[in-house]
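Undergrad: can you look at this prediction? I've put the sequence above it.
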Protein chains: 2
Amino acid sequence: MPSDQQSEHSDQPVDELDARLLLLLTDEPRLGVLECSRRLGVARGTVQARLDRLVERGVLTGFPPALDLGAMGYGLTAFAVVEIAQGRRAEVCEGLAAIPEVCEVHATTGQGDLFVRMVARSNADLQRVVDHVVDVPHVRRLSTSIALSTPVPPRVRPLLERVKGRPPRG
Amino acid sequence: MPSDQQSEHSDQPVDELDARLLLLLTDEPRLGVLECSRRLGVARGTVQARLDRLVERGVLTGFPPALDLGAMGYGLTAFAVVEIAQGRRAEVCEGLAAIPEVCEVHATTGQGDLFVRMVARSNADLQRVVDHVVDVPHVRRLSTSIALSTPVPPRVRPLLERVKGRPPRG
DNA sequence: GATTTTGCTGTGCATCTTGTACAGTGATCT
DNA sequence: AGATCACTGTACAAGATGCACAGCAAAATC
C-alpha cells in the first residue's frame, strides 16, 4: 500500500500533509511525534521529517506558550495609531519597545505611522500606559481606541484548512 | 534547605516562579517538565503542579504552533478599520470570520467600528481580500493600511519579566 | 498554642516516547 | 536506465512522563 506521495510539493511551502499536521498540533499542541503519526496515519519518521522541514523552511517557528493576558490581570487591550516625526521611526520604536505593556508595533502605510497594540490592568492603568507612549520622544500624536471585544481571536486555522481541503495549486 | 514558599501568592495570578517558568518555556517551548525543573532548580513535581495550576487558572492556554505566515506565502499583512451599520456587528463579524485571510477582528471604541487584521499573498491578492471584506453585508466603509514592517512582533515577555524581577505587589 | 491545610522536596517505578539508524519500495528527476 | 527522494516499518538504547507517597516548613484556622 504505497502512499500517494507528494504530488508536486515544490510549489507549495505547505502541502496537505503539512497542513493536517499543523492543524492537529494547533488543536492539541502537546501531542508528541508518535501520537501525531498515529492520528495522521503515517509513519513516525514522516512526521518527524515534516516537522524538521517546516522548521527549516521557517514556516514553523516554535511552540510558544499561549498566555491569556486577561487571566494575568491585563484585562484591557487597546490599539493606538501613532503619528511620529519624519525619519524617527527607529528611535520611536525603540522607545515603544521599552514599555512592557506595548505588545506589538507595526509600521504601516499612511503617513509614516505606527500601529501599536497595548494592554493594561484597568482604565486608569491604560492612562498610565498611554502617557508613557506619548512621552516617547518624537511621538507627535496618539489616537487610542479600546478593544471592547474580540469576535475573531488571532487565528491561522482557516488558512491551513484551505491547504488541507484543496488539491495543490488550488 | 527549605524553599521560600509562595510569599503571598493569592494576590498575584502569576508569581515569580510562574513567571520564570513561563519565560523558560517562552524561550524554549519544547522543554519537558523534567528539564524545566532542572533549570529552575526546583522539584519536578513543583513544575508539574505549577503548570497544572496555570492552566487551571486560564493563564496558560496551551502551546499552539507558531506559524510564520510570510514563509507560508502570505507575505503581506494589512490592517483595516471597518465602519459598519449600527447594530449589525454580529452579522458582520460572522461574515468576516468566513474569510480565511481575516486573521483577527476586534470591536473597538470609536463609532461601533471593527478593527481587522488580514494577510495576503501579494498586492493583487490583497485587493481580492479587501473586496471580500467590502462585500460583507452591512460593511459601510473600509480603511486599509498595509504593514510595512513589524518593529515589535507580538510579545508578552516584558510583562513576565516584570513579575520575575520585582517582589510581589510591585 | 495546637491543628489543619497547602506547597515543595526527593524518591521510586512501570510505561511510553524520543532520537537515531537502516533496509525496502514506489515515484520523480536527470 | 540510474539516481534521488519521500515514506514505510522496524529496532534499540536513553530518557521523560504519569503517578504515588512520605517528610517537612510556612501559613491559615480553630
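TA: That came through fine.
Undergrad: show me where chain A has its helices.
TA: For chain A, the helices defined by DSSP state H occupy A:16-27, A:33-40, A:44-56, A:89-97, A:123-135, A:157-165.
Undergrad: would a markdown table of these with distance to DNA strand D be doable?
TA: Any C-beta I mention is one placed from the backbone N, CA and C, and that applies to glycine too. Output for the helices of chain A, formatted as a markdown table (distance: least, Cβ to the nearest atom of the strand, whole Å):
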| stretch | distance to DNA strand D |
| --- | --- |
| helix A:16-27 | 6 |
| helix A:33-40 | 7 |
| helix A:44-56 | 3 |
| helix A:89-97 | 33 |
| helix A:123-135 | 26 |
| helix A:157-165 | 14 |
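Undergrad: so what's the most centrally placed residue in chain A up against?
TA: Centroid-nearest residue in chain A, with Cα atoms, centre = their mean: A:Pro154, separated by 6.9 Å. The neighbourhood of A:Pro154, defined by Cβ atoms under 8 Å, 6 or more residues apart in numbering or on different chains, consists of B:103-104, B:117.
Undergrad: next, it: phi, psi?
TA: phi -40, psi 130 (degrees, to the nearest 10).
Undergrad: residue in chain A with the shortest distance to DNA strand C?
TA: Nearest residue of chain A to DNA strand C (Cβ to the nearest atom of the strand) works out as A:Gly32 at 2.3 Å.
Undergrad: from A:Leu51, how far off is that residue?
TA: To A:Leu51, A:Gly32 is 11 Å away according to Cβ to Cβ, to the nearest Å.
Undergrad: give me the more crowded residue out of those two.
TA: Ranked by neighbour count (other Cβ atoms under 10 Å in any protein chain shown), A:Gly32 and A:Leu51 place A:Leu51 first, with 18 against 10.
Undergrad: residue contacts, that one?
TA: With Cβ under 8 Å, 6+ apart, A:Leu51 has these contacts: A:21, A:33, A:60.
Undergrad: my guess is the second one meets A:Gln48, correct?
TA: By that I understand A:Val33. Yes - with contacts defined as Cβ atoms under 8 Å, A:Val33 counts as touching A:Gln48 at a distance of 5.3 Å.
Undergrad: now the end-to-end length of stretch A:99-116.
TA: Its start and end residues considered, stretch A:99-116 measures 11 Å (Cα to Cα, to the nearest Å).
Undergrad: buried residues, that stretch. List them.
TA: A:99-108, A:110, A:112-116 (16 or more other Cβ atoms under 10 Å in any protein chain shown).
Undergrad: do the same with stretch A:121-141
TA: A:121, A:125-126, A:129-130, A:132-133, A:136, A:138-139.
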